[in-house]
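1. What follows is a protein structure lacking sequence information:
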């Protein structure tokens, strides 16, 4: 009798534990409520529909409940790839013990998701679509190889329509279900305008978004316009905090690339040019130029030197 009661007691504890564990799971609605503002912010910065970002986060992270999301803040299943220099975590996926990106925060995961899509040439065609064309984006992601699941596009579309995530593509947080579908708020044309909320026209250099500096601009005002953290513009442009923006003609809104466009293999140094200036001209990180050209630092260039922009100098 005592043994039977003991078993019942243990079973009860197990059931209670399972119920507690289940109750701690994040639901879809809770996930959307928690992260719709991040998705909207990244839409305004990158041109990726908030509905797509949220749907991918829901699908790839199991609403933030996956081991990868909980332990590594990776909400989009992005693997390390050759150009990744950040934190790493190893999980079984298509193959055993694959390398996935690890982030300090969920915010960093959302930012890297945007940078990943905007930085890979195979996704470039997506940015020709309207921000409200979530079906086109879903099918485009599948066609470009974001996921191996043959039903990936249809799964994203179903999540968007089930949760009415399209309402966030209007740029407003906390949209209510049943509201009128959002009008177009972003597109790309010859001037690369990504949102009517912006007073600066966004253009591309080496696949990296930038804006021309206007009179009266500051790093803070452009950060606010594009809903960026104050540190981001200084970091992306590789300048010290407090730098005078009037010293620059263009300011990048994203991280520079690891190599220049294939049309630009080398640069011949001219009078007065600096490594930072060359980095800014071609949209390539200074650290990469230093590595490619076997330099000790950012100085040491002479007129007539060849600066390799895509690979190591022989």
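-> Happy to help now that I have it. What you see is a predicted model, and the numbers here were worked out from it, not measured in a lab. Residues are numbered from 1 along each chain as shown.
2. rest of the way, CA atoms for contacts and neighbours
-> OK.
3. Residue 249 and residue 212 touch, don't they?
-> Yes - applying Cα atoms under 8 Å as the test, residue 249 and residue 212 come out as touching, 5.9 Å apart.
4. Nearest to the spatial middle of this structure, which residue is it?
-> residue 114 (2.2 Å; Cα atoms, centre = their mean).
5. Now that one: closest residue in space that isn't a chain neighbour?
-> Residue nearest to residue 114 in three dimensions, not counting chain neighbours: residue 46, with 6.3 Å by Cα to Cα, 6 or more residues apart in numbering.
6. Confirm that residue 261 sits in a strand.
-> No - Residue 261: not assigned to a strand; according to DSSP: H, G, I helix; E, B strand; the rest coil it is coil.
7. any idea how far the residue lying closest to it once chain neighbours are set aside lies from residue 215?
-> Nearest non-adjacent residue to residue 261, counting by Cα to Cα, 6+ apart: residue 206, 5.6 Å away. To residue 215, residue 206 is 25 Å away according to Cα to Cα, to the nearest Å.
8. Of the two, give the one with the bigger neighbour count.
-> residue 206 (18 against 7; other Cα atoms under 10 Å).
9. In this structure the more buried one contacts residue 279, no?
-> No - checked against Cα under 8 Å, the pair residue 206 and residue 279 is beyond contact range at 11.1 Å.
10. For residue 249 and residue 212, indicate the residue with more neighbours.
-> Shown here are residue 249 and residue 212; by other Cα under 10 Å, residue 212 has more neighbours (14 against 10).
11. got a list of what that one touches?
-> Taking Cα atoms under 8 Å, 6 or more residues apart in numbering, we find residue 212 in contact with 200-201, 249-251.
12. for residue 215, same thing?
-> Per Cα under 8 Å, 6+ apart, neighbours of residue 215: residue 246.
13. Same check on residue 284?
-> Applying Cα under 8 Å, 6+ apart to residue 284 gives the contacts 256-260, 309.
14. And for residue 254?
-> Contacts of residue 254 by Cα under 8 Å, 6+ apart are 115, 208-210, 233, 236.
15. how about TSV for these, with neighbour count added?
-> TSV is the format used below for the contacts of residue 254 (neighbours: other Cα atoms under 10 Å):
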residue	neighbour count
115	17
208	20
209	22
210	19
233	21
236	15
